[in-house]
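Colleague: Got a sequence here, can you build the structure:
(chains A, B, C, D and E)
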Amino acid sequence: MKIGRVAGNVVSTINHPFFDGQRLMICDLLDGDGEVAGYTIAVDTVGAGVGETVLIIDEGNSARQIFGLSTGPIRAVITGIVDAIDTV
Amino acid sequence: MKIGRVAGNVVSTINHPFFDGQRLMICDLLDGDGEVAGYTIAVDTVGAGVGETVLIIDEGNSARQIFGLSTGPIRAVITGIVDAIDTV
Amino acid sequence: MKIGRVAGNVVSTINHPFFDGQRLMICDLLDGDGEVAGYTIAVDTVGAGVGETVLIIDEGNSARQIFGLSTGPIRAVITGIVDAIDTV
Amino acid sequence: MKIGRVAGNVVSTINHPFFDGQRLMICDLLDGDGEVAGYTIAVDTVGAGVGETVLIIDEGNSARQIFGLSTGPIRAVITGIVDAIDTV
Amino acid sequence: MKIGRVAGNVVSTINHPFFDGQRLMICDLLDGDGEVAGYTIAVDTVGAGVGETVLIIDEGNSARQIFGLSTGPIRAVITGIVDAIDTV
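Modeller: This next block holds a predicted model:
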């Protein structure tokens, strides 16, 4: 799983019906120093807002299970909002 | 999921029967700044044209489910046309 | 599978119920020379402490099977503590 | 899916029985400019020869389905020979 | 699938029971020129020794099927010893 920061949302009107009503967020992926290192498009499940640090899981079966689906064209989801990262 | 831009199509006459009649597109993958960073070959499901910005999902099970298949040698598909990316 | 070193833990109060009570660790991934090369967030299954060298498996089905689950939004787990790496 | 060019074949006499009688090819992976960017070892299913440009799919379930198998230690296969890539 | 060279073995006494009695090898991954480019930890299935060139498959379902398991926290396995790579 990776740490990301919500950067904005993606507007797509011509798409697979699965995405109707879903919040599709563009998230910066952060490296170990908190610097931006790539991005992913993830479906939000926790009400994350722009600028929040989030936990992202990028695996199809995990993503479908979060939505209680056996099928669905989805791979990355925001599964948590990160309060703190404690490194001693 | 990733953001891409359709760059062209791939012509392959000797291939797996699954691909008969499918539109196989070469898509530039875009980084967070909209610059080209790699590519993938994806099957089109939304009628995307060359130059359009698209949402690409690259996972076998997602790809098969879009086609209603339990089997099929497919991994990347174009699942949406991107109207806008809103970053505040 | 990869070699990592536990760097700290992640605190997330708004997340998927699966993570309740799980220890979510941030782990540096080590390259072949033992240098840090990226990171991952993994669920601990062996009681690994900060600074310990660990074996990390990053695959959804493996991760779920370790927890005896058929479903669960999880991908990376710490599956072992590394005592030594013998290269002749 | 990726574009590759067949570079040669791999000879392995001590291996999993699945590979008996299969043509195991080393393929250069090509980037968007047609330059070599890495390689993969793939099982040939279309009779591709050295120097030919091919379509490679690198996903376990896709690979097994091409061979009509429910199990098998295989991940990358050559699924087509590329005649042309049309980019306008 | 990738070409690797066995570099040594990993000693881990606190780990998942699956790994009891398995030979866990650290393998250099080789690029197209035979140079080291990363590594992986793989379970040996063919009796590969240190210094031998091997075929590595890195996919969970493939790995489990080699061991005849429906479950198991395993992703990378050594599936063959490479005698030669013929590139014309």
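
Colleague: from chain A, which residue is nearest to chain D?
Modeller: Chain A approaches chain D most closely through A:Gly60 (10.7 Å), counting by Cβ to the nearest Cβ. Any C-beta I mention is one placed from the backbone N, CA and C, and that applies to glycine too.

Colleague: Need the phi and psi values for that residue.
Modeller: Per-residue torsions, A:Gly60: phi -60, psi -50 (degrees, to the nearest 10).

Colleague: Not counting sequence-adjacent ones, nearest residue to it?
Modeller: B:Glu59 (4.3 Å; Cβ to Cβ, 6 or more residues apart in numbering or on different chains).

Colleague: ok, the one you found - contacts?
Modeller: A:Gly60, A:Arg75, B:Arg75 (Cβ atoms under 8 Å, 6 or more residues apart in numbering or on different chains).

Colleague: where does chain A come near chain C, residue by residue?
Modeller: When proximity is defined as Cβ under 8 Å from any Cβ of the partner chain, chain A approaches chain C at A:1-3, A:31-32, A:45-47, A:55, A:57-63, A:65-66, A:77, A:79-88.

Colleague: what's near enough to touch A:Asn15?
Modeller: B:Val46, B:Leu55, B:Thr79, B:Gly80, B:Ile81.

Colleague: For those, which single residue is the most surrounded?
Modeller: B:Gly80 (28 neighbours; other Cβ atoms under 10 Å in any protein chain shown).

Colleague: tell me what the helix or strand containing that residue is packed against?
Modeller: Using DSSP states H and E, B:Gly80 sits within strand B:76-81. Secondary-structure packing of strand B:76-81 (3 or more Cβ pairs under 8 Å, 6 or more residues apart in numbering or on different chains; DSSP states H and E): strand A:14-15, strand B:36-44, strand B:53-58, helix B:60-66.

Colleague: what sits up against that strand?
Modeller: A:12-16, A:19, A:73, B:1, B:4, B:6, B:25, B:27, B:40-46, B:48, B:52-58, B:62-63, B:66, D:1.

Colleague: 6 Å instead?
Modeller: For strand B:76-81, the external contacting residues (Cβ atoms under 6 Å, 6 or more residues apart in numbering or on different chains) are A:12, A:14-16, A:73, B:40, B:42-46, B:48, B:52, B:54-58, B:63, B:66, D:1.

Colleague: Next: stretch A:63-74.
Modeller: A:His16, A:Phe18, A:Thr45, A:Arg75, A:Val77, B:Ile57, B:Ser62, B:Gln65, B:Ile66, B:Thr79, C:Thr71, C:Pro73.

Colleague: contacting residues for the residue lying closest to A:Arg23 once chain neighbours are set aside?
Modeller: Closest residue to A:Arg23 apart from its sequence neighbours, by Cβ to Cβ, 6+ apart: A:Asp44 at 4.3 Å. Neighbouring residues of A:Asp44 by Cβ under 6 Å, 6+ apart: A:Arg23, A:Met25, A:Ile78.

Colleague: Count the residues that sit near the last one.
Modeller: This points to A:Ile78. 26.

Colleague: what would the contacts of A:Asn15 look like in TSV with pLDDT?
Modeller: Below are the contacts of A:Asn15 laid out as TSV (pLDDT from 0 to 100):
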residue	pLDDT
B:Val46	93
B:Leu55	96
B:Thr79	94
B:Gly80	95
B:Ile81	96
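
Colleague: so how far is the lowest-mean-pLDDT helix or strand in chain A from its chain's centroid?
Modeller: Least confident helix or strand, chain A: helix A:60-66 with a mean of 90, by mean pLDDT, DSSP states H and E. Centroid separation for helix A:60-66 versus its chain: 12 Å, with Cα atoms, centre = their mean, to the nearest Å.

Colleague: repeat for stretch A:8-16
Modeller: 14 Å.

Colleague: Buried by neighbour count: which residues of it qualify?
Modeller: Neighbour counts using 16 or more other Cβ atoms under 10 Å in any protein chain shown place A:Gly8, A:Asn9, A:Val10, A:Ser12, A:Asn15, A:His16 of stretch A:8-16 among the buried residues.

Colleague: Identify the residue spatially nearest to the fourth one, adjacent ones excluded.
Modeller: In space, and not counting its chain neighbours, A:Ser12 is closest to B:Gly80: 4.0 Å by Cβ to Cβ, 6+ apart.
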